[in-house]
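J.: model this:
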Amino acid sequence: MATIATDEEWLAARRALLQEEKALQRARDQLAGKRRRLPWRRIESDYEFEGADGRRSLLDLFGNASQLLIYHFMYHPDWDQGCKTCSFWADGFDASIPRLDARDVALAVISRGPLEKLLSYRQRMGWRFPWFSSADSTFNYDFGVSFTAEQIESRNSFYNFRDGASVGPEMPGISTFARDDGGSIFHTYSTYSRGLDPLNSAYQLLDLVAKGRDEDQLPFPMDWIRRHDEY
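T.: Numbering: from 1, shown residues only. You can find the predicted model right below:
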């Protein structure tokens, strides 16, 4: 049971918390600046992906934008459905695309599953964002979101910037890229695991209410999550 306060006590407590929230926001702003100042690395591989309109290069995914954001959606070739937690994140993508477009950013989703499965699942979920299959390339492995059975068994994997991480065959992440006027592509940033948390609007809203995410008594924190047509 929460502490019950008078109006004056509540206001004093809220003002105290506001100072901490402002400090956190200033720290987030500073961190975002450091993120933007990370060095870039040139992409040397000629990645190609299969999309609804045919094969596309990594450069093609930029469209008219100079920046590209890719969500690494967990969809193993053998799976009949996309990952339900990645689906939780993907539910917010369509509404963001016009805003990203206005700021010179393209968004694409990439998975290792075959294109026909991706498009069928996209239709089921009612999504419209561009989704591409990397099944014929090393893209997922190169960006540390897909792993072989040998890597999983031996724990010889590199995920979330550390060796020996505990992983499954597919893991989530986001990577960002920039291109120059000559068509060269650069990898500017990637984040994985809990680094994806701030990008989930539903979680940010739950963090505002009295019970929060209310996951403490669950077998694992995200046990409550379902695909949006399964609640």
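J.: can you pull the buried residues of the lengthiest helix in the chain?
T.: When the chain is parsed with DSSP state H, its longest helix is helix 7-36. Of all the residues in helix 7-36, not one is buried under the rule 16 or more other Cβ atoms under 10 Å. Quick note: C-beta positions are derived from backbone N, CA and C, even for glycine.
J.: Output the contacting helices and strands for the next helix or strand after it.
T.: Per DSSP states H and E, the first helix or strand lying C-terminal to helix 7-36 is strand 41-42. Judged by 3 or more Cβ pairs under 8 Å, 6 or more residues apart in numbering; DSSP states H and E, the packing partners of strand 41-42 are strand 185-192.
J.: Give me the distance between the strand it packs on and the centre of its chain.
T.: Using Cα atoms, centre = their mean, to the nearest Å, the mean C-alpha position of strand 185-192 is found 12 Å from that of the whole chain.
J.: ok, residues contacting the helix or strand following it?
T.: Counting by DSSP H and E, the next helix or strand C-terminal to strand 185-192 is helix 201-206. By Cβ atoms under 8 Å, 6 or more residues apart in numbering, the residues outside helix 201-206 that reach it are 88, 91, 92, 197, 198, 212, 213, 214.
J.: Closest one to residue 13 out of those residues, please.
T.: Nearest to residue 13 among the contacts of helix 201-206: residue 212, at 17.0 Å, using Cβ to Cβ.
J.: and the closest one, how many residues sit next to it?
T.: When neighbours are defined as other Cβ atoms under 10 Å, residue 212 has 11 of them.
J.: Please apply the same query to residue 80.
T.: Each residue near residue 80 was counted by other Cβ under 10 Å, and the total is 10.
J.: OK, contacts around it?
T.: residue 117.
J.: where does it fall, helix, sheet strand or coil?
T.: Following DSSP: H, G, I helix; E, B strand; the rest coil, the label given to residue 80 is coil.
J.: Helices of this structure, start to end?
T.: Using DSSP H, helices in the chain cover 7-36, 84-90, 93-102, 115-125, 139-142, 149-154, 201-206.
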